[in-house]
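Undergrad: Sequence and predicted structure are below.
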Amino acid sequence: MEVKEIKAEGMDVAGFIKDKTDEISSLVKDGLAITALSGGVDSSVVTVLGHQALGNRLLTYFIENGLMRQDEARNVAEIFGKFGIPVKIVDARQEFFEALKGLTDPEEKREAITQTFYKKVFGKLVVESGARHLLQGTILTDIDETVAGVKRQHNVFEQLGIDPQKAFGYRIIEPLRQIRKDGVRKVAQTLGLPESIYKRMPFPGPALAARIIGEVTPEKIELVRKATVITEAELAGTEAFQYLAILHQDRVTGMRGGRRDFGLQIEIRCWKSLDARTAAPVRLPYETLERLAGRITGEVPGVVSVTYNIATKPPSTMEAI
Ligand code: XMP
């Protein structure tokens, strides 16, 4: 089914919020729904819309998949707790690392994350809670890229001919499927979410696993997580759409303390973009790049090389896998 786009420009935000809360209420009726909050603007908006529509009949979970950024679970639970929405943190680290073990192909990694998320973790939560619906923040760009075959976005099913009811045992409601990131930010602001959420840069569903080339292990996640903390701190002042650190698979010869060190490589990307469909690298000041290189080689164990991506999307994509 073709999804009709609602453009951010000229959008009737209050009307959109009313339509979507009405839609959620009429689909869930007097039942329960669950939502997977990641702390990104999309899932945050869906959680607030769901909460407005259903009150405490919406059960909000943060899935700790082991692939998230530093302190994410705690920060998200704190922000939403202040907002009057309790968040339950579910520890699913073991399930995700087990599913990713031995996988190197990007699409196989994405598929493993999707199956673990929807079938294993949410399948169990749905059965335990008695909910029949999952609310999630799929946006139009996710659908476009999956349909075009660029990347299998973790949260797209219907357009691939997958019926979630048959595949996972519950229905999926996607209130944001007609809008893009710029529209979601407008809705977030109108809903009263804090600036730290509505201005938050995008972060992919497969989380830091999208930034590891080759097999994903807890050790590699820890390295890319450390590089991410530094990258986000150093680039916070830029007006970029998104910035990220990628851990490469190939090692290169370096030297440390006068000795050979066959070490790791981190690639930095910093994108300017309007809606993520196309993007170009930001012309970062050289001093910023030097500071990033110095901190990453100094603070992330084993890294001897730091590069900056200068290719545009397309032909690059924004994430590494
Ligand atoms: P790419 O890498 O496809 O990314 O150029 C475009 C935008 O989408 C984000 N991204 C995802 N978001 N699920 C999501 O919700 C995913 O599987 C996914 N993969 C990429 C990416 O961070 C960028 O903002």
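TA: Happy to help now that I have it.
Undergrad: Arg251 is in contact with Phe262, correct?
TA: Yes - the criterion here is C-beta atoms under 8 Å, and Phe262 meets it with Arg251 at 5.1 Å. Quick note: C-beta positions are derived from backbone N, CA and C, even for glycine.
Undergrad: more neighbours, these two?
TA: Arg251 (14 against 10; other C-beta atoms under 10 Å).
Undergrad: just the helices in this protein please.
TA: Using DSSP state H, the helices of the chain run over 13-28, 41-54, 72-82, 93-100, 106-115, 122-129, 140-147, 164-168, 181-190, 195-198, 218-235, 286-299.
Undergrad: Dump those helices into TSV; add mean neighbour count as well.
TA: Shown next, in TSV, are the helices of the chain (neighbours: other C-beta atoms under 10 Å):
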stretch	mean neighbour count
helix 13-28	16
helix 41-54	25
helix 72-82	16
helix 93-100	18
helix 106-115	18
helix 122-129	17
helix 140-147	19
helix 164-168	14
helix 181-190	20
helix 195-198	15
helix 218-235	19
helix 286-299	15
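Undergrad: Between these, which one is closest to the ligand.
TA: helix 140-147 (5.3 Å; C-beta to the nearest ligand atom).
Undergrad: Contacts only, for the residue nearest the centre of the chain.
TA: Geometric centre of the chain, nearest residue: Pro204, 2.7 Å, by C-alpha atoms, centre = their mean. For Pro204, the contact set (C-beta atoms under 8 Å, 6 or more residues apart in numbering) comprises 154, 210, 319.
Undergrad: quick one: pLDDT of the first one?
TA: Looking at His154, its pLDDT is 70.
Undergrad: what does stretch 16-35 rub up against?
TA: Contacts for stretch 16-35 (C-beta under 8 Å, 6+ apart): 6, 43, 46-47, 49-50, 52-54, 57-61, 122, 125-126, 129-136, 171, 173, 175, 179, 183, 187, 190-191.
Undergrad: just stretch 252-272 next, same as before
TA: Counting by C-beta under 8 Å, 6+ apart, 223-224, 227, 231, 235, 238-248, 250-251, 279-282, 284, 289, 292, 296, 300, 302-309, 313, 318, 320 sit against stretch 252-272.
Undergrad: Over to stretch 73-86?
TA: With contact meaning C-beta under 8 Å, 6+ apart, stretch 73-86 is reached by 37-39, 44, 47-48, 51, 60, 62, 64, 87, 89, 193-194, 196-197.
Undergrad: Which pLDDT value belongs to Cys262?
TA: Careful, residue 262 is Phe and not Cys. With respect to pLDDT, Phe262 scores 97.
Undergrad: Check the gap between it and Gly55 for me.
TA: Phe262 is 57 Å from Gly55, where distance means C-beta to C-beta, to the nearest Å.
Undergrad: what's the answer for Lys226, then?
TA: Look at Lys226 and Gly55: by C-beta to C-beta, they are 40 Å apart.
Undergrad: Quick one: name the residues of this structure near the ligand.
TA: Proximity of the chain to the ligand, by C-beta under 6 Å from any ligand atom, involves residues 142, 145, 151, 153-155, 202, 204-206, 210, 242, 276, 313, 317-319.
Undergrad: ok, now with 5 Å
TA: 151, 153-154, 202, 204-205, 276, 317-319 (C-beta under 5 Å from any ligand atom).
Undergrad: Gly214 against Gln249, yeah?
TA: Yes - using C-beta under 8 Å, Gly214 is in contact with Gln249, at 3.6 Å.
Undergrad: Which of the two has more residues huddled nearby?
TA: Shown here are Gly214 and Gln249; by other C-beta under 10 Å, Gly214 has more neighbours (16 against 12).
Undergrad: Could I get the contacting residues of that one?
TA: Gly214 is in contact with 104, 249, counting by C-beta under 8 Å, 6+ apart.
Undergrad: Now do it against Gly39, distance only.
TA: Distance of Gly214 to Gly39, computed by C-beta to C-beta: 26 Å.
Undergrad: Ok, Lys18 next?
TA: Distance of Lys18 to Gly39, computed by C-beta to C-beta: 25 Å.
Undergrad: Nearest residue to Val46 in space, ignoring adjacent ones along the chain?
TA: Setting aside the residues directly before and after it, Val46 is nearest to Gly137 in space (C-beta to C-beta, 6 or more residues apart in numbering), at 4.3 Å.
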